[in-house]
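S.K.: pasting the sequence and the predicted model now:
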Protein chains: 2
Amino acid sequence: MLDFAQLRCFAVVAEELHFGRAAARLNMTQPPLSRQIQVLERVLDCQLLDRTSRSVRLTAAGRSFLPEAQRILRLAETAAYVTRQVAAGRAGVLKLGFTAASAYDFLPRLVIACRTAMPDVTLSLREMVTKDQVEGILSGQIDAGLIRPPVLHPELEAERALAEPLVAALPAEHPLAVRDAVALADLHAEPFIGYAPHEASYFHNLLVSLFAGAGIQPRILQQLTQIHSILALVRAGLGLALVPAAAERLRFEGIVFRPLHLAQPQPAEIHLAWRKESDVPLLAPLRTLLRDMQTPPP
Amino acid sequence: MLDFAQLRCFAVVAEELHFGRAAARLNMTQPPLSRQIQVLERVLDCQLLDRTSRSVRLTAAGRSFLPEAQRILRLAETAAYVTRQVAAGRAGVLKLGFTAASAYDFLPRLVIACRTAMPDVTLSLREMVTKDQVEGILSGQIDAGLIRPPVLHPELEAERALAEPLVAALPAEHPLAVRDAVALADLHAEPFIGYAPHEASYFHNLLVSLFAGAGIQPRILQQLTQIHSILALVRAGLGLALVPAAAERLRFEGIVFRPLHLAQPQPAEIHLAWRKESDVPLLAPLRTLLRDMQTPPP
DNA sequence: GACCTCGATGAGTCGAGCTCATCAAGGTCC
DNA sequence: GGACCTTGATGAGCTCGACTCATCGAGGTC
């Protein structure tokens, strides 16, 4: 079998065309260098170098083999380097799940931040609902997921990646649209587009507890799953809705967004979840990145 | 430094995910296999395999390194194979010079024969006059050349690659064009387009000796170097010419070619020439091919 | 709890590759 | 033409790395 040491010896001798100088460059003495070349020639079953005591020249086989040897050596070096980078979490691919809503604003910012902070890291992104992400993390289909809390599965760990305000989405012609901001009390008995209790349980439960806490009860006309569907009904004038601030980025014409004053100003959270015993090296730097994104430098 | 044995060990373990089976496939026992993997991990400064006494799994670094290791192993094998082929004269590139006239018919046949008999051999062809070819062979610019004899240089060797008849090239309206064939005697005092004594000395000298031997003397109007230039003058009706039979392949309209009866039926020769101490492995198979082309199987 | 599987590890041995010394070929120089 | 120099090949001796064999220990199964 071939041997990297032999390839390196051959490449250097082929460059220097002089065993003594080549041996010096290789930090060895001349006799073992001669023997390495001999072994390589025996392995390849052909002469690579024509040598007399006066000159060293490449044979046709040697000329053909030299670039291959150099290529293999380069590849080996690169592979070793890249592998070290991957192990250190400075390079590689991280398969990341995300929910539809996080794509509105958070995900693009994350991708840009990742590209800046870790240019050799690729995020392989897949949109999945929270439940599928949990299964995907457990099965290894994705390395981590951006999901709605709480993360209860005992094999998973999670931490907050984002907290954002809720805003009121109003038809442009709605009476409340003239206000600068909206309070929960304004929504009492208003026609309201809400979230489906099962498919969008996070926002459903969030709103239920907000309304209960404020002692109000909007008139819930429809309960939908996807934020853009809710906004479509709002635009049609059926009612108003509460959505995460990122939804403003959808730029729905005919809808105005107004800040919603709440005791907890940023109640809508996205968490990063991963397998507790995950050995994916990129997890740590990703978590650092997410933490940095929440506390941007002044 | 990396080691091919380690790469092979890692690749097989990564496939089997079992040290015992991998060791069997590698024709070794399990302890040294474990140690090879440990050494590789130390060289790469990271874990490639997560192993307990119950299971073996790839880490992220291992998943990243595996395809690289496989690629390097494949490359090494291919490089060794190709180099052996080159050394044996079954593959590689042969830089071959040729004269303009040999391109008419002989060279295409040679290229096709070469592609059939030695599919892994590439002919790198360059058109050069005989004198430049001799210099090119001596300087190593070309490995061999198809030139006009005689080859006199003491460092060169040569052998006949082709012998072909001469034919008479006549303007279509020429009186001799009605004949089936032409004899040298017919050319006496005829207007004739000949070859330049220096730039086309081979054909010049050949015709001089033919005419002298036949005791005739055509009226030489012009002496040119290139056969296609000579034929252009023939077509213009200035005179007739004697050209190698391959020139018929030029398909000059307005010219008819007629066999020329001679004592030596194939006086126009092309020889293959090469450096005496050339170590180009492809020379031998090329010479065999050229010999086979001259004595085609029945 | 006894047993089994499987990777890690320790002890002993053998061989590959290193160093040093030397040879042989083929130039150079006086 | 002979002494000398350069340079790659080769031989002897030694060292260190890698293999074999035996065994351990973790973690399952029955």
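M.R.: All right, it came through fine.
S.K.: from here on, contacts and neighbour counts on C-alpha atoms
M.R.: Noted.
S.K.: quick one: contacts for A:Ile137?
M.R.: A:Asp143, A:Ala144, A:Gly145, A:Trp274, A:Arg275 (C-alpha atoms under 8 Å, 6 or more residues apart in numbering or on different chains).
S.K.: can I have the buried ones of these as a ChimeraX selection?
M.R.: To isolate the buried ones among these in ChimeraX, judged by 16 or more other C-alpha atoms under 10 Å in any protein chain shown, type:
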select /A:143,144,145,274,275
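S.K.: quick one: name the residues of the stretch 51-200 of chain A near DNA strand D.
M.R.: Proximity of the stretch 51-200 of chain A to DNA strand D, by C-alpha under 7 Å from any atom of the strand, involves residues A:Arg51, A:Thr52, A:Ser53, A:Arg54, A:Ser55, A:Val56.
S.K.: go again with 10 Å.
M.R.: Contact residues (C-alpha under 10 Å from any atom of the strand) of the stretch 51-200 of chain A with DNA strand D: A:Arg51, A:Thr52, A:Ser53, A:Arg54, A:Ser55, A:Val56, A:Arg57.
S.K.: ok, so of the residues you listed, who is nearest chain B?
M.R.: Using C-alpha to the nearest C-alpha, A:Arg57 is the member of those that lies nearest chain B, at 11.0 Å.
S.K.: is it fair to say the closest one lies in a strand?
M.R.: Yes - when DSSP: H, G, I helix; E, B strand; the rest coil is applied, A:Arg57 is found to be in a strand.
S.K.: that one touches A:Leu49, doesn't it?
M.R.: Yes - the criterion here is C-alpha atoms under 8 Å, and A:Arg57 meets it with A:Leu49 at 5.5 Å.
S.K.: count of residues packed around A:Val12?
M.R.: 20 (other C-alpha atoms under 10 Å in any protein chain shown).
S.K.: that one contacts A:Ala22, correct?
M.R.: Yes - the pair A:Val12 / A:Ala22 is scored as a contact, 5.7 Å apart, by C-alpha under 8 Å.
S.K.: tell me, what's the model's pLDDT at A:Pro50?
M.R.: Check again: residue A:50 is Asp, not Pro. Per-residue pLDDT puts A:Asp50 at 89.
S.K.: number of nearby residues for it?
M.R.: 14.
S.K.: give me the contacts around the helix or strand it falls within.
M.R.: For A:Asp50, the element it lies in under DSSP states H and E is strand A:49-51. Here strand A:49-51 makes contact (C-alpha under 8 Å, 6+ apart) with A:Ala14, A:Val56, A:Arg57, A:Leu58, A:Thr59, A:Gly62.
S.K.: from those residues, which two are the most distant?
M.R.: Comparing all pairs in the contacts of strand A:49-51 by C-alpha to C-alpha, the longest separation belongs to A:Val56 and A:Gly62, at 11.5 Å.
S.K.: number of nearby residues for A:Arg109?
M.R.: Applying other C-alpha under 10 Å, we find 13 residues neighbouring A:Arg109.
S.K.: which strand or helix spans A:Ala69?
M.R.: Per DSSP H and E: helix A:60-87 holds A:Ala69.
S.K.: buried residues, that helix. List them.
M.R.: Burial within helix A:60-87, assessed by neighbour count using 16+ other C-alpha under 10 Å, is assigned to A:60-66, A:68-70, A:72-73, A:75-76, A:79-80, A:82-87.
S.K.: just the buried subset of the residues of the stretch 51-200 of chain A next to DNA strand D, please.
M.R.: A:Val56, A:Arg57.
S.K.: could you dump the residues of the stretch 51-200 of chain A next to DNA strand D to a markdown table with distance to B:Glu127?
M.R.: As requested, these are exported to a markdown table (distance: C-alpha to C-alpha, whole Å):
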| residue | distance to B:Glu127 |
| --- | --- |
| A:Arg51 | 33 |
| A:Thr52 | 35 |
| A:Ser53 | 37 |
| A:Arg54 | 35 |
| A:Ser55 | 32 |
| A:Val56 | 31 |
| A:Arg57 | 28 |
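S.K.: and the two most separated of the residues of the stretch 51-200 of chain A next to DNA strand D?
M.R.: Across those, the longest distance by C-alpha to C-alpha is 11.4 Å; it joins A:Ser53 and A:Arg57.
S.K.: quick revisit: direction included, what does the strand holding A:Asp50 pair up with?
M.R.: strand A:56-58 (antiparallel) (DSSP bridges).
S.K.: could you say what helices and strands the helix holding A:Ala69 packs with?
M.R.: For helix A:60-87, the elements it packs on are helix A:4-16, helix B:30-44, helix B:60-87, judged by 3 or more C-alpha pairs under 8 Å, 6 or more residues apart in numbering or on different chains; DSSP states H and E.
S.K.: any chance you could give me the next helix or strand after that helix in PDB, C-alpha atoms only?
M.R.: Reading on from helix A:60-87 to the C-terminus, the next helix or strand found by DSSP H and E is strand A:92-98. Coordinates of each C-alpha in strand A:92-98 appear next as PDB, following Å, rounded to 0.1, in the frame of the first residue of the first chain:
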ATOM      1  CA  GLY A  92     -19.600  22.100   9.000                       C
ATOM      2  CA  VAL A  93     -23.300  21.800   8.400                       C
ATOM      3  CA  LEU A  94     -26.000  22.200  11.000                       C
ATOM      4  CA  LYS A  95     -29.400  20.900  10.200                       C
ATOM      5  CA  LEU A  96     -31.800  23.400  11.800                       C
ATOM      6  CA  GLY A  97     -35.600  23.200  11.900                       C
ATOM      7  CA  PHE A  98     -37.700  26.300  12.100                       C
END
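S.K.: list the residues that contact A:Pro165.
M.R.: A:Pro244, A:Ala245, A:Leu260, A:Pro265, A:Gln266, A:Pro267, A:Ala268.
S.K.: now for the residue nearest the centre of chain A, which secondary structure element holds it?
M.R.: For chain A, A:Leu123 is the residue whose C-alpha lies nearest the centre (C-alpha atoms, centre = their mean; 3.3 Å). For A:Leu123, the element it lies in under DSSP H and E is strand A:121-127.
S.K.: ok, now how distant is the residue of the stretch 101-250 of chain A found nearest chain B from A:Phe203?
M.R.: Nearest residue of the stretch 101-250 of chain A to chain B: A:Asp143, at 10.5 Å (C-alpha to the nearest C-alpha). The gap separating A:Asp143 from A:Phe203 is 25 Å, by C-alpha to C-alpha, to the nearest Å.
S.K.: can you check A:Pro259 too?
M.R.: On the measure of C-alpha to C-alpha, A:Pro259 and A:Phe203 end up 17 Å apart.
S.K.: higher neighbour count, those two?
M.R.: Neighbours were counted for A:Pro259 and for A:Phe203 using other C-alpha under 10 Å; A:Phe203 has more, 22 against 18.
S.K.: quick check: A:Leu40 touching A:Phe4?
M.R.: No - in this structure, A:Leu40 is not within contact of A:Phe4 by C-alpha under 8 Å, at 10.2 Å.
S.K.: which of those two has more neighbours?
M.R.: Set A:Leu40 next to A:Phe4 and count neighbours by other C-alpha under 10 Å: A:Leu40 wins out with 21 against 18.
S.K.: lovely, talk soon.
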